[in-house]
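Engineer: please find the sequence and the predicted model below.
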Amino acid sequence: MLAMALKELRQLRRDRRTVAMMVILPVLLLVVFGYAARFDIDKVPTVVVGANAEAVAAQLPDRLDVTAIHPDWTRADGVDVLRRADATVVIVADPKAPTILIDGANLFGAQSVLRAVAANPQLPRAEILFNPDLATSVVMVPALIGMILVFIGTVATSLGVVRERQSGTMEQLAVMPFRPGDVFIGKILPYFAVGIVDLVIVVLAGLWIFGVPFNGAPWIFAIGALLFLFVALGMGVLISTVSENQGQAIQLAIMTLLPQILLSGMIFPLDSVAIGVRWISYLLPLTYFVEIARGVMVRGAPFDALLFPIGMLLVLAVAVFALSVLRFRRDLAPSAGRDDRAVTSEATA
Amino acid sequence: MSGLRFGRSPEDRVTGWGLERVTVRYGHAVALDRVSMGVGAGSVTAVVGADGAGKSTLLRTLVGAQRSVSGRVRRPAKRRIGYVSAGPGVYRDLTVDENMAFSARAYGVPRRAARERIGELLAATELTAARRRLAGQLSGGMRQKLALAMAVIHRPELLVLDEPTTGVDPVSRAELWRLMARLAADGTAIALATTYVDEAERAGSVLVLLRGRMLAAGTPASIVADVPGELYTIAGPAHDPRAWRRGPEWRLWSPGGGAPPDAELRTPDLEDALVMAQLAVELGTPGDGGTGAAA
């Protein structure tokens, strides 16, 4: 038994990445969890519209953080503000029918506002839009679609390159007339097709089983979802290029999944994540997918309201592609490197 | 000075593809030290050496999979190179046919031509009956033949094989050599690494590596002719560092000539010559004044 334990210890010592993960991960998880795991929202972004906007805005409780006042705007403008997620609450300060409009897609924000309204009897009646029952599934299912895609996509492709390297076929590819970009696209294309099938199944299941609404335009959702799928698959390939074996690849893939689940706004609202940790959220593709999926499915947001998350997914897609190609260049075209001082003549005759 | 000890330096007769005074480093370790090798069209060049001598590094540098720090590499464009890594690089979870189809597509062989060529190569490698089997289910020899067939699907000008016969049974080895001879006859320049000296003897030219340096180069006959000293068969066992056992006999290398009383002079073959050349580097010859360990 001692012999076995000693052997394991020696092997473990050689696998520095695993040791680092076992030591660093618990600390990292605790810190991230600690700062991210908050459901309570101190300040809710609020827009006040209607004739009495100025006067009403001055009397609101602290929790409602007024970000804009538009006396000439109507209720319809207010609904549009919520649809675009420019605020969580819109106070319609119309003397005839004063109303508080709340974005039901922002579950914790909405609950926080409802508590504030209950504590202040002089506030007008509240009306919850998009998700009137504040059903958890309506908010969670769109985000879960993204989590499932990132989970399947990243893990599936993370093994691809490592497998080539371990079986010795990577060296073969290096000599074949492939460009690094060809290999990247070729690697993810089949998974992309499978991912699209997965996506359709998961979305349909979400609509049928959980009765999640689909209020927006499917094409906007499709653009966001396909970009997101590309990033998720590309991240897997990138992980694969920096891993030495399949075990490491899986470990790394799971390491990138954890923060996405915790910090993407899927479970804990982004507004309540501490600033020191929130910047990580903005590097994660799931953050933007959650924004797009909830925006399109629940709020029926228009395309221009989702330009930022779609643009960010595009940036991440380019980044993942460029980094993977750079890594591939090391494996696939070492003799073509810039710092190659050898006079290599590639005679073509 | 290239560091070449025996045989003729190939630098002045590099025709076709090859390396000229190429140095490769892995970090601070020198894997290849000013090594030159020519691979002419229609000929087979064998790279011989012990494990870790630099054979794979040399071949990888030749095909462009390894960066060199100095020297000159002459290789055709990627589309005209065929390469079989030590792996060998076949996809175990694809069938023989699927592996061949992948290679044909990767090298841009038109579909109809590819179908004909695959049929022809599978027949030549006697893999036709196994074309629907997974490569992972093939024997080692069959896998090597498949790898070779994949590497020549596009009729490369330069074919590079990293130990294609290691771990392969004698019958498959003979088949592989027959295939290589046919390819060379068609004008392909072939470079291969091997640990078997009897295989090197079949090659047109041989490069012997010792710890990343050129120990000997030339035709097998010229290497044998250039090794200094004489070879004797002696009654063993012997404790002399210049003696070694080969088969049932003991051999003794005598650098300056002259032999023990009951020794019998004999003509060295390539294997003897390689041992003698290595001893000459490690122990030194009377002429070069000392132990010139690959200096």
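Structural biologist: Structure received. In this text the structure is predicted, and so the values were computed from the model without any measurement.

Engineer: residue 236: how many residues sit nearby?
Structural biologist: In the absence of a named chain, chain A is used. 30 (other CB atoms under 10 Å in any protein chain shown). (Glycine included, C-beta is placed from N, CA and C.)

Engineer: other chain: chain B
Structural biologist: 15.

Engineer: residue 45 bridge partners, please.
Structural biologist: Here I'm looking at chain A. Beta-bridge pairing for A:P45 (DSSP bridges): A:D65.

Engineer: actually chain B
Structural biologist: When assigned by DSSP bridges, B:T45 has beta-bridge partners B:A191, B:S205.

Engineer: can I assume it is in contact with B:A200?
Structural biologist: No: assessed by CB atoms under 8 Å, B:T45 is found out of contact with B:A200, at 9.6 Å.

Engineer: please enumerate the shared neighbours of these two.
Structural biologist: The contact sets of B:T45 and B:A200 overlap at B:V206 (CB atoms under 8 Å, 6 or more residues apart in numbering or on different chains).

Engineer: dump stretch A:69-82 to CSV, restricted to CA.
Structural biologist: Only the C-alpha atoms of stretch A:69-82 are listed here, as CSV (Å, rounded to 0.1, in the frame of the first residue of the first chain):
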residue,chain,number,x,y,z
ILE,A,69,-35.8,61.5,-15.9
HIS,A,70,-37.9,62.2,-19.0
PRO,A,71,-41.0,64.3,-18.2
ASP,A,72,-42.1,64.2,-21.9
TRP,A,73,-42.0,60.4,-22.2
THR,A,74,-45.0,58.2,-22.0
ARG,A,75,-45.7,54.8,-20.6
ALA,A,76,-45.0,53.2,-24.0
ASP,A,77,-41.5,54.8,-23.9
GLY,A,78,-41.1,53.4,-20.5
VAL,A,79,-41.9,49.9,-21.6
ASP,A,80,-39.3,50.3,-24.4
VAL,A,81,-36.7,51.3,-21.8
LEU,A,82,-37.4,48.0,-19.9
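
Engineer: residues of it that come out buried?
Structural biologist: A:I69, A:H70, A:W73, A:R75, A:G78, A:V79, A:D80, A:V81, A:L82 (16 or more other CB atoms under 10 Å in any protein chain shown).

Engineer: the residues you listed into CSV, with extra columns for pLDDT and secondary structure?
Structural biologist: Listed next are the buried residues of stretch A:69-82 as CSV, based on pLDDT from 0 to 100; DSSP: H, G, I helix; E, B strand; the rest coil:
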residue, pLDDT, secondary structure
A:I69, 86, strand
A:H70, 85, strand
A:W73, 86, coil
A:R75, 85, helix
A:G78, 86, helix
A:V79, 89, helix
A:D80, 89, helix
A:V81, 89, helix
A:L82, 89, helix
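
Engineer: identify the farthest-apart pair in these.
Structural biologist: Spanning the widest gap among the buried residues of stretch A:69-82 are A:I69 and A:V79, at 17.0 Å by CB to CB.

Engineer: next up, phi/psi of A:V92, please.
Structural biologist: The phi and psi values for A:V92, taken as degrees, to the nearest 10, are phi -90, psi 100.

Engineer: is it bridged to anything, and to what?
Structural biologist: A:V49, A:T99.

Engineer: wouldn't it be in contact with A:V49 here?
Structural biologist: Yes: counting by CB under 8 Å, A:V92 touches A:V49, with 5.8 Å between them.

Engineer: now for residue 246: which residues touch it?
Structural biologist: Let's take chain A. A:L159, A:V162, A:R163, A:Q166.

Engineer: let me rephrase: I mean chain B.
Structural biologist: So B:R246 contacts B:E271, B:D272 (CB under 8 Å, 6+ apart).

Engineer: return the per-residue confidence for the residue of the stretch 1-150 of chain A found nearest chain B.
Structural biologist: Of all residues in the stretch 1-150 of chain A, A:R16 sits closest to chain B, at 17.6 Å by CB to the nearest CB. A:R16 is assigned 78 on the pLDDT scale.

Engineer: quick one, what contacts it?
Structural biologist: If a contact means CB under 8 Å, 6+ apart, then A:R16 has no contacts.

Engineer: and the gap between it and A:D72?
Structural biologist: Shown here: A:R16 relative to A:D72, a distance of 64 Å by CB to CB, to the nearest Å.

Engineer: re the thing from before, show the buried residues in the contacts of A:Q246.
Structural biologist: Buried, going by 16+ other CB under 10 Å: A:L159, A:V162, A:R163, out of those.

Engineer: let's have those residues in a markdown table, adding pLDDT.
Structural biologist: Converted to a markdown table, the buried ones among the contacts of A:Q246 look like this (pLDDT from 0 to 100):
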| residue | pLDDT |
| --- | --- |
| A:L159 | 85 |
| A:V162 | 85 |
| A:R163 | 85 |
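
Engineer: and the chain, what are its domains?
Structural biologist: Here I'm looking at chain A. Using automatic domain parsing, the domain parsing of chain A gives A:44-129, A:136-334.

Engineer: I was thinking of chain B, sorry if that wasn't clear
Structural biologist: B:7-76+B:157-218, B:87-156, B:223-288.
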